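> only geometry, no sequence info:
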Ligand SMILES: [Zn+2]
């Protein structure tokens, strides 16, 4: 029996870093990297870093209305994370397949013993 033909998403995933695929599936694993308080403007500039892929997320919070976010966060993805322009978002069945491929890559597979 020949192996089933590879789906383009599977083909693409083979050339991606494991950490990048995992973050696509399970989202980034943000942890604080740097927090700088500015007492003149009453803001805290916060940088989070993904412990898995190294992406950075910068945003500001008010120190007066404690924790209220100011503006939108800026995310800086590591080199090679983003898909080439025009490839589009991975959705629907492609996303299911990417999930499947990523789980296999991370966990490996143990064959369940079948009784003879
Ligand atoms: Zn990440």
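Done, it's in. Note that this is a predicted model, so its numbers are computed, not measured. Numbering: from 1, shown residues only.

> Show me which residues of the chain are close to the ion?
Contacts of the chain with the ion, taken as C-beta under 5 Å from the ion, map to 23, 28, 50, 52, 53, 55. For glycine as for every other residue, the C-beta is placed from the backbone atoms N, C-alpha and C.

> tell me the contacts of the residue nearest to the spatial centre of the chain?
What sits nearest the mean C-alpha location of the chain, by C-alpha atoms, centre = their mean, is residue 23, with 2.4 Å. Going by C-beta atoms under 8 Å, 6 or more residues apart in numbering, residue 23 touches 29, 50, 52, 53, 55, 81.

> can you rerun that using 10 Å?
The neighbours of residue 23, taking C-beta atoms under 10 Å, 6 or more residues apart in numbering as the test, are 17, 29, 50, 52, 53, 54, 55, 77, 78, 81, 102.

> Make JSON lines out of those residues and add neighbour count.
Formatted as JSON lines, those follow (neighbours: other C-beta atoms under 10 Å):
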{"residue": "17", "neighbour count": "14"}
{"residue": "29", "neighbour count": "15"}
{"residue": "50", "neighbour count": "21"}
{"residue": "52", "neighbour count": "17"}
{"residue": "53", "neighbour count": "20"}
{"residue": "54", "neighbour count": "16"}
{"residue": "55", "neighbour count": "20"}
{"residue": "77", "neighbour count": "15"}
{"residue": "78", "neighbour count": "15"}
{"residue": "81", "neighbour count": "18"}
{"residue": "102", "neighbour count": "20"}
